[in-house]
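Visitor: need a 3D model of the following:
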Amino acid sequence: MTASRAGGSFGAVASTELPVKIRDLVAAFDAGDAGALARAITWVETGRPGFEDLLRAVHPRVGRAHRIGITGPPGAGKSTLILQLVRCLRERGERVGIVAVDPTSPFTGGALLGDRIRMNEVSTDSGVFIRSMASRGSLGGLAMATREAADLLDAFGFERVIVETVGVGQTELEVVRAADTTVVVLVPESGDSIQAMKAGLMEIADLYAVNKADRPDADRLAREIEVVLHLRAGAALRGIPAHHGVDLSAIGERGKAGRPSGGAGGSVGGSVGSSAGPEERAGRSGVEPSAAWRPPVLKTVARSGEAVTDLLDAMDRHRAWLAETGLLEARRRERLAEHVRAVVQRRLHERVWNRLGGDAILAERLAALSRGETTPYEVADLILARLR
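Guide: Next up is the predicted model:
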C-alpha cells in the first residue's frame, strides 16, 4: 500500500553517513511506501540496532500533525468512537494514522491487540494506517515506543495522528504528554462520577465524551462532570475557593505546558448547557485567545455515529484555540523536552543494567541482601559506582 505524501524529500538525511539498511528504509519512507512505515515502526518498537539513527533521520518532518489522545476506562467504546472519527475525517479528505495500545500481560508478556480487530473495516483504506502496540508494562498507558511511533506517523505526512491508550483507568496520564488534544471517554456506568472526578485521569481532559449516551443516566453523568469542572475552576460558587482551596483557573497555564483545567471563558459549542449558536459551532474556536479553555462535555453514541461530528468540531476548535494562544507550540516544546528526558532514561537504563553489569552485581549481592547483611541502598551504590 502506498500513500501520497506532502512536501519534499529528506535531502541530507538520506546520506551515506547512515547505514545502508536505514538509508534504504528512509528512502522508501520518503517515497510514501506504507510498508516502509510499518517496518520503521517495527524497527523502533523492537529496539533494533540503529533505530535511533532512523528516528534522527525523520525528525525534521515531525510536528505537522494534529495529535489526538483518546483515553478512558475499559469498555467505554474508545475504539468504536475512533472508527467513527476516522470515517468523518476521511470524508473531509484527511489522512489518519492510529496507534492503538493494548495492555501487556504481566504473565506472558503478550498482548491481545484487539483494537485493530475493532477498526478492521477502515484498515484497507489507503488513507488510514493502524498500528497496534503493546504497553510493555508502562503504568501510564503508553510505552516509549508508542510516542516514537506517533512521531513516525507524523513525519510520514498524516494530518491526524490518534493515540488510543490501554484503558487501564486512572493511570493513563502519559497520554497528555503525547497529544495536542486529549479526549477522556466515559460511559454512564463508569461508577461514581464524582469520585472519578478526583482521579488524575479526569484532570487531563481537553474534551469529555460521555459515550453510549443512549443509555440511562448519561444526562446525569454529563451534568455532574459540568458541575465538577465549575467547582475545580472556582466558578460555581463565587467567593468560595476551588477544589482543596486551589484556584485552578489561575494556575492552569503552568505545569502542563498550558493545559488549563477550566476557567472563566465561555462554554464551548456542543457542550452540555452551551449557549453557542450553530454559526459559532461551525467555524470559530468559541473563545477569545486570551480566555481559558473550558473542556466541553459532549454526549456521543459511537455505535450509531451520533454527535461524532460535534466531537470532531470541538477538537478542531481546541486546536485553533491552542494556535491562537501560542499554547500549541508550548505543548510541543514540552513534548520534545519530555522525549529528551525519556531518551536519557532509556540510555542510562541500558548502560547501567547491561553494559556496566548492573544485573550481575544485583545477582551477586542478592543473597546477602536477603540475609540482611546489606541494604538495597548499598547495592544501588555499588551499581551506580560503575557510572563513575
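Visitor: what residue spans form the domains of the protein?
Guide: For the chain, the structural domains run 61-325, 340-385, going by automatic domain parsing.
Visitor: gap between the two ends of the shortest one?
Guide: Domain 340-385 has its terminal residues 24 Å apart, counting by C-alpha to C-alpha, to the nearest Å.
Visitor: what about it, average pLDDT?
Guide: If you average the pLDDT over domain 340-385, you get 94.
Visitor: swap in stretch 180-193?
Guide: The pLDDT scores in stretch 180-193 average 81.
Visitor: if you count neighbours, what's buried in it?
Guide: 180, 181, 182, 183, 184, 185, 186, 187, 188, 190, 193 (16 or more other C-beta atoms under 10 Å). Glycine gets a C-beta too; all of them are placed from N, C-alpha and C.
Visitor: show me the helices in the stretch 251-388 of the chain, by range?
Guide: Listed in chain order, the helices of the stretch 251-388 of the chain (DSSP state H, counting those that start in this stretch) span 278-283, 308-325, 327-350, 358-370, 376-385.
Visitor: wait, which of the ones you listed is closest to residue 91?
Guide: Closest to residue 91 of these, according to C-beta to C-beta: helix 308-325, at 9.4 Å.
Visitor: can you pull out the low-pLDDT segments for the stretch 151-300 of the chain?
Guide: Scanning the stretch 151-300 of the chain for pLDDT under 70 picks out 166-173, 190-202, 233-291.
Visitor: ok, which stretches of this structure are strands?
Guide: Ranges of strands in the chain, per DSSP state E, are 66-71, 96-102, 128-134, 160-164, 181-186, 207-210, 297-299.
Visitor: would you turn these into CSV with distance to residue 359?
Guide: Putting the strands of the chain into CSV (distance: least, C-beta to C-beta, whole Å) gives the following:
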stretch, distance to residue 359
strand 66-71, 34
strand 96-102, 28
strand 128-134, 23
strand 160-164, 32
strand 181-186, 37
strand 207-210, 44
strand 297-299, 49
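Visitor: out of the ones you listed, which is closest to residue 77?
Guide: Nearest of these to residue 77, taken as C-beta to C-beta: strand 181-186 at 6.6 Å.
Visitor: quick one: contacts for residue 186?
Guide: 72, 73, 76, 193, 196, 208, 209, 210, 211, 221, 225 (C-beta atoms under 8 Å, 6 or more residues apart in numbering).
Visitor: same check, this time on residue 64
Guide: 154, 157, 159 are the contacts of residue 64 under C-beta under 8 Å, 6+ apart.
Visitor: related to what we said a few turns ago, pull the most distant pair out of the buried residues of stretch 180-193.
Guide: Spanning the widest gap among the buried residues of stretch 180-193 are 180 and 188, at 28.2 Å by C-beta to C-beta.
Visitor: what average pLDDT does stretch 134-145 get?
Guide: Stretch 134-145 comes out at a mean pLDDT of 57.
Visitor: redo the helices of the stretch 251-388 of the chain as TSV? Include mean neighbour count.
Guide: Converted to TSV, those look like this (neighbours: other C-beta atoms under 10 Å):
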stretch	mean neighbour count
helix 278-283	12
helix 308-325	20
helix 327-350	14
helix 358-370	14
helix 376-385	13
